[in-house]
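> how does the following fold in three dimensions:
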Amino acid sequence: MKSENQKLSLLEKIGYGSGDAAVNVVISSMFLIITFFYTDVFGLKPKDMALLFLLVRLIDAVTDPLMGLITDKFTTKWGRYRHYFLFLAVPFGISVFLTFTTPDFDYAGKMIYAYITYIFVTIMFTSVTIPYISLIGVLTSDPQERLSANGYRLFFAKVAAFLVSIVVPILAEKFGKDDLGRGYQMAMGLMALLGTLLFLFSFFTTRERVEHVVEDKPLKEQFQLLLKNGQWTLLFGVCFFGTVGYVIRNSVAIFYAKYFLGGDASVQSSFMATGVAAAILAMPASTFITKKYCKVKLFKWSQIAVGVISLIMLLVVQPGNLVMAYVLYFILSFVVDLHAPVFWSAIAEAVDYGHAESGKRVSGLSFGGISFAQKLGMGIAGAAVGYLLDFFEYVPKAETQTEFALWGIALMLTVIPGIFHVIMGGMMFRYKITDSYYETIKKKLNI
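Residues are numbered from 1 along each chain as shown. Below you'll find the predicted structure:
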């Protein structure tokens, strides 16, 4: 059904963006903090941590599509998606707090606790993220408004990531003093509270104005339609490979700052924050560039450039060389995230593409599938980081690391994730939904 007013107010764009800031309290902690937390604070062995990340992600194979189907099936007076923010904001915050709590158990008890809380936070993350990433499809059908809204969304997401990266390590040290576990519990508790409040703000400031009629189709048919949508399957692969690269790089940034650069807590936080600050600046830059330059070209060439910059950083930066490391990490992080607003707009457009091609709409499962690709990438990358740290003979809590371990950490920050971004960029040569192409889709669907 066509909505008369497709324009979004500034407050609504901010409200929409605040939802991703809430999501990023979790996702940024998973990218930036949790690997270091589990090995150097909680006390897990890298191989045990890797298995935890891998096994828990199998749950997403069920919960992500299930949540997508639930959002398709049920609507309330607030719409199809927003009410989840209202009812699940508090459980979401509690799950984050518990995950970053270190109990006084023996090693076996800690492993059980880690599995229970990591499963809990994963399920809560799914329960709010699937509705959130689906929301853009019903806020507006105007591609430029979607792109603009996603610019706000990703800006606020990076601000949240900035807070996690620069505030959490410093607050953890301040609150914890001699008990770093207590420090991380308190610091992430504050982030969890902030995430809860942001979700509530997003609920009260956004409105679902585009109504799509969701047909009651069997699950098997929905999967078949989804797999026939070549543009959606392409974005699934792009999301997976991009997430693997992103998570590997960001997971080892704190290790790189501490061991390769020899930095204390302030250097660790500022190095991570440098990457996040660059990503924040990439959001408005991407929106500005795509007003004059093809968004698909920006996507593919920026990701290929990431591979080149990654190799340069590996070859140029030597242990302890802070200035060059900061400069190149800023450039690398800036170029990496130029694609982000384009990608999250592309998902809604790929759903409309499939609808126009087949005459049947698969929405909830489409967004659930993309979320699964993201979290599958997170799981694979998290496990890879654990196994790679073990392979490169990393020793948790050691004062110094061997040259082999330092070389491995440098590879994990640069070339290894860079390869995944090059693959991601190469895949986008097959993506065809430009703004002009999408106008033909809109006419066909009368939206």
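> so what's the closest residue to Cys294 other than its chain neighbours up against?
Leaving aside its sequence neighbours, Cys294 sits nearest to Thr434 (C-beta to C-beta, 6 or more residues apart in numbering; 6.3 Å). Backbone N, C-alpha and C define where each C-beta goes, glycine included. Contacts here follow C-beta atoms under 8 Å, 6 or more residues apart in numbering; on that basis Thr434 touches Cys294, Lys295, Val296.
> from what I can see the second one touches Gln144, true?
No. At 10.4 Å, Lys295 does not count as touching Gln144 under the criterion of C-beta atoms under 8 Å.
> so for those two, which residue has more residues nearby?
The neighbour comparison of Lys295 against Gln144 (other C-beta atoms under 10 Å) goes to Lys295, with 23 against 15.
> and the pLDDT for Asp20?
Asp20 carries a pLDDT score of 90 in this model.
> next one: it from Leu154, what distance?
From Asp20 across to Leu154, the span is 7 Å (C-beta to C-beta, to the nearest Å).
> quick one: the strands in the stretch 151-300 of the chain?
For the stretch 151-300 of the chain, no strands are identified by DSSP state E, counting those that start in this stretch.
> please list all residues in contact with the nearest residue in space to Leu135 that is not next to it in sequence.
In this structure, Leu135 finds its nearest non-sequential neighbour in Tyr81, 4.8 Å apart by C-beta to C-beta, 6+ apart. Tyr81 is in contact with Thr71, Pro131, Tyr132, Ser134, Leu135, Val138, Glu208, counting by C-beta under 8 Å, 6+ apart.
> on that earlier part again, joint contacts of Lys295 and Gln144?
Between them, Lys295 and Gln144 share the contacting residues Asp435, judged by C-beta under 8 Å, 6+ apart.
> for the chain, which residues score under the pLDDT cut-off?
1-5, 212-216, 447 (pLDDT under 70).
> picking that back up, out of the contacts of Tyr81, who's nearest Ser358?
The nearest member of those to Ser358, counting by C-beta to C-beta, is Ser134 at 19.0 Å.
> can you count the residues close to the closest one?
Ser134, neighbours per other C-beta under 10 Å, totals 26.
> spell out the secondary structure type for it.
Ser134 falls in the helix class when you classify it by DSSP: H, G, I helix; E, B strand; the rest coil.
> isn't it up against Thr71?
Yes. Here Ser134 reaches Thr71: they are 6.0 Å apart, a contact under C-beta under 8 Å.
> can you list residues touching both of the two?
Arg80, Tyr81, Ser363, Gly364, Phe367.
> for Leu226, which non-adjacent residue is spatially closest?
Leu226 sits nearest to Val362 (C-beta to C-beta, 6+ apart), 5.2 Å away.
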